[in-house]
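Asker: can you look at this prediction? I've put the sequence above it.
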Amino acid sequence: MSKILDVVNVTAGYGSDVILKDINFEVIDNDFIGVIGPNGGGKTTLLKLLLGEINPFQGHVNFYPSSKDETLFGYLPQVSTIDREFPIKVIDIVLSGLMHRNGLFGGNKNINRKKALEILSTAGVEHLWNYSVGELSGGQLQRVFLCRALISQPRLLILDEPNTYVDNKFEKELYELLRELNKRMAIIMVSHDVGTITSYVKTIACVNRHLHYHRSNKITPEQLAAYECPIQIISHGKIPHTVLLDHRKEAKV
Ligand SMILES: Nc1ncnc2c1ncn2[C@@H]1O[C@H](COP(=O)(O)OP(=O)(O)OP(=O)(O)O)[C@@H](O)[C@H]1O
Ligand SMILES: [Mg+2]
């Protein structure tokens, strides 16, 4: 197993606003990292940093091998950031997941199209292939973007709240799919549904301006309180159970 990327002493943000401070973090093949933290804490900003969409003010993000082009990402953006007005068909959204590999017009069109339809079918939305993005429900959109993230069979799959809008049935299928995919790719997943994800992820990064990395999927309410991460958390042994943290260090089980 080898390192995919590391983030060394990074401070980053937008304009003159520092959002992430002194971040150190690494991603290794077959990692399954759950990213948790409060709204506005900087989770999406961290993903943008990994994807190279924003550059650090200080510090470095290093990719291995050193050329980022060789490190293939699959990215499912947070649904709230997707432009629903953009006139693009479902099939083209999925095909755009191959763009960084093939270029805009590269690859075999028929093979790629067949691949896109197959992957849409595994997500149960093949019938929507000719719909425009504005015609989809939130859950359908989420599934389509998951297909786009997966079509290139990336080395690192980055998911920003993939379970928003999806129904219980697909959510369970999604997590089972991710468990299967994790055998051949590393995964970073942001979610507020910590109760469920800690049953699937291997490690947890808690992001609230700073990043605290737990090399385990267990995290105690005391640790969370220390990180000012006031969210619902699970601590699980054989039987998962949810601990509701209410800011007063008292936990209800
Ligand atoms: N493009 C941008 N320009 C300026 N500020 C931004 C931009 N995107 C995010 N921010 C600010 O950065 C901070 C962190 O935002 P970010 O989207 O990373 O949080 P988050 O942890 O993903 O939150 P959520 O749980 O709501 O998705 C917020 O204060 C937000 O207002
Ligand atoms: Mg976010």
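Answerer: Received, thanks. Values in this document were obtained by computation on a predicted structure and should not be read as measured data. Ligands and ions are numbered 1, 2, ... in the order given.

Asker: and the closest residue to ligand 2 within the stretch 1-150 of the chain, how many neighbours?
Answerer: Taking Cβ to the ion, ligand 2 has its nearest neighbour within the stretch 1-150 of the chain at Thr44, 3.2 Å off. Every residue, glycine included, has its C-beta placed from N, CA and C. The number of residues packed near Thr44 is 20, by other Cβ atoms under 10 Å.

Asker: return the residues in contact with it.
Answerer: Gln78, Thr81, Asp160, Val190 (Cβ atoms under 8 Å, 6 or more residues apart in numbering).

Asker: looking at the residues you listed, which two lie furthest apart in space?
Answerer: Using Cβ to Cβ, the two most remote members of these are Thr81 and Val190, lying 12.0 Å apart.

Asker: compare neighbour counts for those two and give me the winner.
Answerer: Neighbour count, other Cβ under 10 Å: between Thr81 and Val190, Val190 has more, with 23 against 9.

Asker: for ligand 2, what are the nearby residues on the stretch 51-200 of the chain?
Answerer: Gln78 (Cβ under 5 Å from the ion).

Asker: circling back: list the buried residues of the helix or strand encompassing the residue of the stretch 1-150 of the chain closest to ligand 2.
Answerer: In this assignment (DSSP states H and E), Thr44 forms part of helix 43-51. Using 16 or more other Cβ atoms under 10 Å as the test for burial, helix 43-51 gives Lys43, Thr44, Thr45, Leu46, Leu47, Lys48, Leu49, Leu50.

Asker: pLDDT below threshold where in this protein?
Answerer: Applying pLDDT under 70 to the chain flags residues 67-71, 100-107, 219-253.

Asker: so for it, the centremost residue is which one?
Answerer: The centre of the chain sits closest to Leu159, judged by Cα atoms, centre = their mean, with a distance of 1.8 Å.
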